[in-house]
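Student: how does the following fold in three dimensions:
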Amino acid sequence: MNAATRSEHDLLGDRDVPVEAYWGVHTLRATENFPITGTPISAYPHLIDALAAVKEAAALANQELGLLEARKADAIVAACREIRAGKLHEQFVVDVIQGGAGTSTNMNANEVVANRALELLGHAKGEYQYLHPNEDVNLGQSTNDVYPTAVKVATVFAVRGLLKAMFVLQDSFARKAVEFRDVLKMGRTQLQDAVPMTLGQEFSAYAVMIDEDRSRLAEAVELIHEINLGATAIGTGLNAPAGYAESARRHLAEITGLPLVTAANLVEATQDCGAFVQMSGVLKRIAVKLSKSCNDLRLLSSGPRAGLGEINLPPVQAGSSIMPGKVNPVIPEVVNQVAFEVIGNDVAITMAAEAGQLQLNAFEPIILHSLSESITHLRAACVTLAERCVNGITANTEALRRTVENSIGLVTALNPHIGYTPATDIAKEALVSGRGVAELVLEKGLLPAETLADLLRPEVVAGSGQALA
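Tutor: Coordinates of the predicted model:
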């Protein structure tokens with residue numbers, strides 16, 4: 001040890017720790033053992049806040065039960081509140097992917113809280129004889145109830161941000177649906193001309209997709225409110241005194257403002273990751289629908305002269321280093337890639353949940369990492385798609401109307417008014433001659449011009465599907 005370090009001891013022996021570090025020997029070993037992603041747990045602020053909230057709730061419960069003296073409890077609570085206010089987050093340095101079921105994360109939290117509490121008590125960092133990371137900060141706890149509880153609390157708050165971002169995108173699509181409600185176009189099935197619709201209906205469908213998934217996400221997050229705090233190692237509550245689980249839950253609910261409930265069976269809750277699997281499944285559903293919508297936007301804007309060219313995406317950057325004037329649909333493309341990532345993360349979460357053995361799942365770190373990445377990236381993707389793409393989309397209105405007038409599919413809309421057999425004859429002649437359906441209908445006197453114009457009004461052609469929400 002020298003002036004720049006302090007010596008700390010653990011099961012494996014003595015190690016020197018930087019004197020200014022709030023973390024200790026357990027965290028030091030974890031940083032050496034898990035140089036995996038280069039992403040520290042501090043990259044997920046919601047997780048750090050949640051860990052501090054759990055430690056604060058535990059200290060209050062232990063003080064309430066007479067297990068922790070008030071002086072120590074007050075110092076621990078004060079340290080936790082500083083962390084929840086944004087301080088010391090840089091001290092949470094262990095890699096997000098780690099062996100040990102999250103033990104390194106829990107010990108990182110225990111050491112940071114303990115050393116800050118020691119300072120508040122007038123002691124130096126590392127003087128654990130006055131306040132200990134395990135004996136005081138981790139009193140009545142195990143990684144196996146602290147870590148999953150913190151992950152769940154963090155997930156609830158992260159999902160709130162995603163729900164807001166999804167509403168931003170939903171609103172963008174809905175406003176475009178209103179803007180394009182009178183823009184007539186051809187609908188397509190299997191990429192072939194089908195029947196007329198409005199561009200507003202097309203964008204309305206995207207808005208409804210997002211709205212439906214917001215509802216599914218809100219439902220899935222309800223399961224995340226069930227925690228196993230007080231379960232300790234395997235769910236039996238060993239080393240947690242009577243009344244601790246309820247007291248800790250109550251304090252954590254007050255600290256976070258969340259309606260947290262203790263699982264009915266703590267042994268089951270400690271080994272089961274079903275809530276995370278369900279949450280990930282909903283995130284995958286969101287990703288799939290977002291990707292499908294972006295596929296449509298890229299297809300509808302293809303060209304601009306040799307493709308569909310029905311809509312124009314706002315140009316945001318030059319598209320080619322060799323082809324002058326080329327602009328690519330880069331915003332839908334990046335959202336597509338986020339969707340691919342989320343779908344892959346769902347597979348990782350599924351496999352991690354399945355790989356749990358007996359009374360514990362040791363693979364929650366990859367579940368945390370994958371879930372956090374999915375939520376964070378989907379949130380950014382929704383806002384980016386809304387602000388950098390959807391809000392600036394314009395329609396090639398006249399070109400769209402011409403496709404309707406020239407399409408054979410228009411005859412389906414006229415079928416009830418001119419009859420099936422004449423409609424079939426018109427379709428055949430239009431295909432052979434290349435002339436438009438409307439032109440042939442007028443030429444053969446099947447409908448007056450005024451009637452035909454009336455039947456081709458967007459609100460008539462679109463039918464009952466015109467609803468925008």
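Student: buried ones in stretch 359-368?
Tutor: Judged by neighbour count (16 or more other Cβ atoms under 10 Å), stretch 359-368 contains these buried residues: L360, N361, A362, F363, E364, P365, I366, I367, L368. The C-beta positions use only the backbone N, C-alpha and C, and glycine is treated the same way.
Student: so the third one touches T103, yeah?
Tutor: What that stands for is A362. No: when contacts are counted by Cβ atoms under 8 Å, A362 is not listed as touching T103 (9.6 Å).
Student: ok, residues contacting whatever helix or strand H417 lives in?
Tutor: According to DSSP states H and E, H417 maps onto helix 410-418. With contacts defined as Cβ atoms under 8 Å, 6 or more residues apart in numbering, helix 410-418 is touched by 194-196, 404, 423, 426-427, 430, 436-438, 441, 446-447, 451-452, 455-456, 461.
Student: show me where pLDDT drops low in this protein?
Tutor: For the chain, applying pLDDT under 70 flags the ranges 1-2, 319-321, 324, 458-459, 461-462, 464-469.
Student: go again with 50.
Tutor: 466-469 (pLDDT under 50).
Student: tell me the domain boundaries of it?
Tutor: 5-139, 146-226+267-397, 408-461 (automatic domain parsing).
Student: and the second one, how far out from the chain middle?
Tutor: Spelled out, it's domain 146-226+267-397. Relative to its chain's centre, domain 146-226+267-397 lies at 9 Å (Cα atoms, centre = their mean, to the nearest Å).
Student: what's the span of it from first residue to last?
Tutor: Terminal residues of domain 146-226+267-397 lie 58 Å apart, using Cα to Cα, to the nearest Å.
Student: now the first one
Tutor: Between the start and the finish of domain 5-139 there is a gap of 27 Å, counting by Cα to Cα.
Student: out of the buried residues of stretch 359-368, who's nearest Q98?
Tutor: Each of those was scored against Q98 by Cβ to Cβ, and P365 proved nearest at 5.1 Å.
Student: would you state the helices of the stretch 351-469 of the chain in chain order?
Tutor: Secondary structure of the stretch 351-469 of the chain, counting by DSSP state H, counting those that start in this stretch: helices at 364-388, 397-406, 410-418, 420-433, 437-443, 449-455, 458-462.
Student: could you check how far Y147 is from I367?
Tutor: According to Cβ to Cβ, to the nearest Å, Y147 and I367 sit 10 Å apart.
Student: swap that for N106, please
Tutor: 15 Å.
Student: so is H46 in a helix, a strand, or just coil?
Tutor: Following DSSP: H, G, I helix; E, B strand; the rest coil, we place H46 in the helix state.
Student: list the contacts for it?
Tutor: H46 neighbours (Cβ under 8 Å, 6+ apart): V153, A154, T155, F157, A158, S372.
Student: show me the contacts for the third one.
Tutor: The reference is to T155. H46, V221, I224, F276, M279, L371, S372, I375.
Student: thought V19 was touching R6?
Tutor: Yes: at 5.0 Å, V19 counts as touching R6 under the criterion of Cβ under 8 Å.
Student: if we can go back for a sec, turn the buried residues of stretch 359-368 into a markdown table, columns for distance to L65.
Tutor: A markdown table is the format used below for the buried residues of stretch 359-368 (distance: Cβ to Cβ, whole Å):
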| residue | distance to L65 |
| --- | --- |
| L360 | 26 |
| N361 | 29 |
| A362 | 30 |
| F363 | 33 |
| E364 | 28 |
| P365 | 31 |
| I366 | 35 |
| I367 | 31 |
| L368 | 30 |
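Student: show me which of these is closest to M186.
Tutor: The closest of the buried residues of stretch 359-368 to M186 turns out to be I367 (Cβ to Cβ; 45.3 Å).
Student: roughly how far apart are the closest one and A348?
Tutor: 8 Å.
Student: longest helix in this structure, please.
Tutor: helix 143-179 (DSSP state H).
Student: got the buried residues for that one?
Tutor: Within helix 143-179, judged by 16+ other Cβ under 10 Å, the buried ones are 143-159, 161-163, 165-177.
Student: can you check stretch 263-273 too?
Tutor: A263, L266, A269, T270, Q271, D272, C273.
Student: in helices only, show me these.
Tutor: L266, A269, T270, Q271.
Student: need those residues in CSV with distance to A399, can you?
Tutor: Formatted as CSV, these follow (distance: Cβ to Cβ, whole Å):
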residue, distance to A399
L266, 64
A269, 58
T270, 61
Q271, 59
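Student: now, which of those sits nearest D10?
Tutor: T270 (25.0 Å).
Student: nearest residue to the closest one in space, please, no chain neighbours.
Tutor: Sequence neighbours aside, G235 is the residue nearest to T270 in space, at 3.9 Å (criterion: Cβ to Cβ, 6 or more residues apart in numbering).
Student: surely that neighbour is in contact with Q359?
Tutor: Yes: G235 is in contact with Q359 according to Cβ under 8 Å; the separation is 6.7 Å.
Student: what residues are shared contacts of these two?
Tutor: Joint contacts of G235 and Q359 (Cβ under 8 Å, 6+ apart) are V267, T270, Q271.
Student: contacting residues for the first one?
Tutor: Same thing as V267. A231, I234, G235, T236, Q359.
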